[in-house]
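S.K.: predicted model, plus sequence, below.
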Amino acid sequence: MEEHVNDYVARLQAALDALPRGMVAELGEILFRAYRNDKQVFVIGNGGSASTASHMAADLAKNTILPNMRRFRIHSLNDNMSIMSALANDLGYEHVFSEQLKNSVRAGDVVVVISGSGKSPNVLNAMRYAHMQSATVVALLGFDGGPARELADLAIVVESTDYGVIEDIHLIINHILVEFFFRFLALARPSVV
């Protein structure tokens, strides 16, 4: 077991070392522009990435502000099982995110896609629709980024073929952003609220 632990930690560390830190900072700037301009942020993902999308939406909505501060307008499209199952049943699972965006996304909003493979049709359809509405599309990906890499305005690709490592680093990126925004918004409170 100890050998396995050491191997996993080594793979995680290698992927962290290769993380494009400048792109993570750029993602922070995109999210700050959305906050400053009162734009909506939508987060989506499948499987473990759906959990990360929910986690990110909760963290950025709640854990980035002090009392009486304006909050991030952020929503995970994974969190309403009724609408997801209705859309999947009636239109097909490949439309569960793009159809939800039709209700809400506007020019200048941000869609954050979280996907290990970057190949899921529902994610790719959502990215295409978001672009049609002049929203900014950001993707947290793994492997080679898949087709989502080319569809994103900003693609952060974790250099790994291990879903566990990829998902761990996507959560680390979330926590980097949350900590930054909590500190930044608290310090800059008079000028950004």
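M.R.: Looks like it came in fine.
S.K.: give me the phi and psi for Leu12.
M.R.: When read as degrees, to the nearest 10, the backbone of Leu12 gives phi -60, psi -40.
S.K.: for burial, what's the neighbour tally of it?
M.R.: Other residues within reach of Leu12, judged by other CB atoms under 10 Å, total 17. Yep, even glycine has a C-beta here, placed from its N, CA and C like the rest.
S.K.: quick one: buried residues of stretch 112-131?
M.R.: Residues 112-118, 120, 122-127, 129-130 are the ones in stretch 112-131 that count as buried (16 or more other CB atoms under 10 Å).
S.K.: just stretch 155-174 next, same as before
M.R.: For stretch 155-174, the neighbour count (16+ other CB under 10 Å) marks 155-160, 162, 165-174 as buried.
S.K.: poorly predicted segments of the chain, please.
M.R.: Residue ranges of the chain with pLDDT under 70: 186-193.
S.K.: for it, longest helix please?
M.R.: helix 163-187 (DSSP state H).
S.K.: which helices and strands does it pack with?
M.R.: If contacts are counted by 3 or more CB pairs under 8 Å, 6 or more residues apart in numbering; DSSP states H and E, helix 163-187 sits against helix 2-17, helix 21-36, helix 48-62, strand 136-141.
S.K.: give me the angle between that helix and helix 2-17.
M.R.: Between helix 163-187 and helix 2-17, the angle comes out at 50 degrees (axes from the mean of the first three to the mean of the last three CA atoms, to 10 degrees).
S.K.: distance check, Glu179 against Gly28.
M.R.: Glu179 is 10 Å from Gly28, where distance means CB to CB, to the nearest Å.
S.K.: more neighbours, the two?
M.R.: Of the pair Glu179 and Gly28, Gly28 is the one with more neighbours under other CB under 10 Å, namely 16 against 13.
S.K.: quick one, what contacts that one?
M.R.: When contacts are counted by CB atoms under 8 Å, 6 or more residues apart in numbering, Gly28 is found next to 176-177, 180-181.
S.K.: among the buried residues of stretch 112-131, which two are most distant?
M.R.: Across the buried residues of stretch 112-131, no pair lies farther apart than Gly116 and Tyr129, at 21.4 Å, counting by CB to CB.
S.K.: any idea which element the spatially most central residue of the chain lies in?
M.R.: For the chain, the residue lying nearest the average C-alpha position, counting by CA atoms, centre = their mean, turns out to be Val112 (3.8 Å). Element membership for Val112, per DSSP states H and E: strand 110-114.
S.K.: can you list the strands that that strand pairs with?
M.R.: Within its sheet, and counting by DSSP bridges, strand 110-114 is paired with strand 40-45 (parallel), strand 136-141 (parallel).
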